[in-house]
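Trainee: Okay, here's the prediction I keep looking at, along with the sequence it came from:
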Amino acid sequence: MKKEWDVIVVGAGPGGSVTASKLAMAGVRVLLADKEKFPRDKPCSDLYGPAIKDLLTELGAYEKILEAGCLYRDTVLIAPNFSAIRAQNRGGIVCPRRVGDNILKENAAALGAEVWEECWINDLIIEDGQVRGVKAKYQGEFTELRSKIVIGCDGSHSWVAKRIGAFSDNPEMVYLCGRKYMRGADPELLDLEIHYTEEFVPGFICLSPHPGYGNAVNVGMGIQMSRYHDADLDGEAMIRYFIENSPHGKRLAKAEDISRWMGWRVPSAGQLDKIHDAGVMLVGDAGSFVEPFVLEGIAAAARSGVLAAETAVKALQENDFSEASLSRYEDRVTEVLIPYLLKLQGIANLSQDIDKFNALVDQLKDDPTAVVRLMGA
Ligand SMILES: Cc1cc2nc3c(=O)[nH]c(=O)nc-3n(C[C@H](O)[C@H](O)[C@H](O)COP(=O)(O)OP(=O)(O)OC[C@H]3O[C@@H](n4cnc5c(N)ncnc54)[C@H](O)[C@@H]3O)c2cc1C
C-alpha cells in the first residue's frame, strides 16, 4: 500500500474535493481521504451558490451537478415584516448534497487525485514541530500516511483544527442549522426563499425547491447558538412554527415529511485565531469560513480550498513547508475572504434589531441589485 504523497487532504466535502482537484490539476501527488463511504449525506439546504459557478465550470463539475439538480428561479429574502427583495438566479444550483458532493469527489479523482473512502484520520504525525502526515484507520488497519503538507477539510467538528489548537466555539459566530425534506407544497415552490422571522434572528427558515425529485422541498432553519441556548423551541419545532404561523409557511401545511430531521453545527465568520501551522492548513468549515447571515458555506469552502492549494503548490516549488511559508495562506484569506465575511457578520448583527432590518429591506426592495449588494458575491 502506497503511504507517501505531497499533500494529504482530510475530508472529501466540497472544500476537500475542490482543494484536491486544484492540486491534481497542478500535477501535485495528492491523497483525498474521507471517513465515509460515498455517496454520503450532509445536512444542508443544498445550494451550490452562483458565486462558484465559474470555479465549478473550470473543474468540469458544474454541468454534472446541474444535470443532477435544478436551477431555481429567483433568490428571495423576506424580512420579518414580509417585505421582500428578489434577484434572478445567476447559476446557483439546488442539488442534494448526497449527489452533488459525490460528483465533486468523483471529479477530483478524474482529475488525478487518489481517493480513499472509509479512511478515518485519527491523528497528525508531528515531528520537530512540523506536521508530516496523518495516522489513519484504513481497511481495518491502523497506519501512518506521510506527506509534506496536510490540509484539514474535515468540516465543522474538525479534528485537524482541534489537534493544532485552532478550534473555536464563539456562540455569536456558531449557528445551529438543520433541515428535513418535505413533499407536496401547494402551490409548488420555484424560488429559493430565505425567511427572516422575528422569533429566530439572527437566523432564518430556508426553502429550497427540488422539482426534479418529485416536487420535494428542502425545509431548513438556522439560528445563532447564543440565541438557541435561550430559545423555547428546538430546531425542528422552529420549522413547524413557521409552517403553522407564517402566511408563507401555509403552503407547506399539507406537505408530508419524506426524510428525518438532521441538525449540524455551522461555524461562521472566520472566527479562528489561526488557520495554518507548520505543514498544515485549514479549509472550509474546518477554518470556520461559513458566511454569516446567509449561512452559505460551500462557496467559502471551495474558495478557501483554492487559496490553500495555491499556497501548497508554491511551498512545494520552494520545498518549504514551515509555518512562515504557509502563512501566505493566512494572508490570502485575510485579503480575499475575510472582508466579505465581516460585512455579512455586520448584517447579521443588524438583523437583530427588527425595526432596522425591516427598514433596510423596505429601502432595498425595488432595487434589482439588492441581493447581490446585500449578500456580496
Ligand atoms: C442545515 C444546513 C444547511 C446548510 N445550507 C447550506 C447551503 O444551502 N449552501 C451552502 O453553501 N452551505 C450550506 N450550509 C453549510 C455547508 O453545509 C458547509 O459550509 C459545507 O458543507 C462546508 O464544506 P466542507 O467541505 O468544509 O465540510 P463538509 O461538507 O462537512 O465535509 C467534511 C468531510 O470531512 C469528512 N471527515 C470529517 N472528519 C474526518 C476524519 N477524521 N477523517 C476523514 N474524514 C473526515 C466528513 O466525512 C465530510 O465528508 C448548510 C449547513 C447546514 C448544517
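Mentor: Thanks, I have it.

Trainee: roughly how far out does the helix or strand where residue 144 lies sit from the chain middle?
Mentor: For residue 144, the element it lies in under DSSP states H and E is strand 141-152. Between the centre of strand 141-152 and the centre of its host chain there is 24 Å, according to C-alpha atoms, centre = their mean, to the nearest Å.

Trainee: Name the next helix or strand downstream of that strand, please.
Mentor: If you walk from strand 141-152 toward the C-terminus, the next helix or strand you reach (DSSP H and E) is helix 159-163.

Trainee: what's the helix or strand just after that next one in contact with?
Mentor: Towards the C-terminus, the helix or strand next in line after helix 159-163, according to DSSP H and E, is strand 174-183. Outside strand 174-183, the residues that touch it by C-beta atoms under 8 Å, 6 or more residues apart in numbering are 43-45, 203, 206, 210, 214-225, 228, 235-236, 239, 252, 255-268, 271, 290, 295. Where you see a C-beta, it was placed from the backbone N, CA and C, and this is true even at glycine.

Trainee: which of the residues you listed come close to the ligand?
Mentor: Taking C-beta under 6 Å from any ligand atom, the overlap between the contacts of strand 174-183 and the neighbourhood of the ligand is 43, 44, 45, 220, 264, 266, 290, 295.

Trainee: Save the residues you listed as JSON lines, and put in secondary structure too.
Mentor: As requested, these are arranged in JSON lines below (DSSP: H, G, I helix; E, B strand; the rest coil):
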{"residue": "43", "secondary structure": "coil"}
{"residue": "44", "secondary structure": "coil"}
{"residue": "45", "secondary structure": "coil"}
{"residue": "220", "secondary structure": "strand"}
{"residue": "264", "secondary structure": "strand"}
{"residue": "266", "secondary structure": "strand"}
{"residue": "290", "secondary structure": "strand"}
{"residue": "295", "secondary structure": "coil"}
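
Trainee: okay, those residues in TSV with pLDDT and neighbour count next?
Mentor: Shown next, in TSV, are these (pLDDT from 0 to 100; neighbours: other C-beta atoms under 10 Å):
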residue	pLDDT	neighbour count
43	97	18
44	97	29
45	97	25
220	97	26
264	96	18
266	97	24
290	97	29
295	94	26
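
Trainee: what's whichever residue of the stretch 151-300 of the chain sits closest to the ligand in contact with, if anything?
Mentor: When C-beta to the nearest ligand atom is the measure, the stretch 151-300 of the chain has its nearest residue to the ligand at residue 297, with 1.7 Å between them. If you count contacts by C-beta under 8 Å, 6+ apart, residue 297 has them with 266, 268, 284, 285, 289, 290, 291.

Trainee: Those in strands, which ones?
Mentor: Applying DSSP state E to those, the entries found in strands are residue 266.

Trainee: which SS class is residue 55?
Mentor: Three states are possible here, and by three-state DSSP the one that applies to residue 55 is helix.

Trainee: how does the chain divide up, domain by domain?
Mentor: Structural domains of the chain, as assigned by automatic domain parsing, span the residue ranges 4-70+91-170+267-344, 174-265+352-375.

Trainee: Indicate which one of those is closest to residue 81.
Mentor: Ranking the domains of the chain by their distance to residue 81 (criterion: C-beta to C-beta) puts domain 174-265+352-375 first, at 4.3 Å.

Trainee: Which of the contacts of strand 174-183 are buried, as a PyMOL select command?
Mentor: To isolate the buried subset of those in PyMOL, counting by 16 or more other C-beta atoms under 10 Å, use the following:
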select buried, resi 43+44+45+203+206+210+215+216+217+218+219+220+221+222+223+224+225+228+235+236+239+252+255+259+261+262+263+264+266+267+268+271+290+295
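
Trainee: Can you pull the phi and psi angles for residue 211?
Mentor: According to degrees, to the nearest 10, the main-chain angles of residue 211 amount to phi -60, psi -30.

Trainee: Excluding chain neighbours, what is closest to it?
Mentor: Distances taken as C-beta to C-beta, 6 or more residues apart in numbering put residue 70 closest to residue 211, at 5.5 Å, once the chain neighbours are dropped.

Trainee: ok, now which ones touch that neighbour?
Mentor: Listed by C-beta under 8 Å, 6+ apart, the contact set of residue 70 reads 93, 94, 95, 209, 210, 211, 212.
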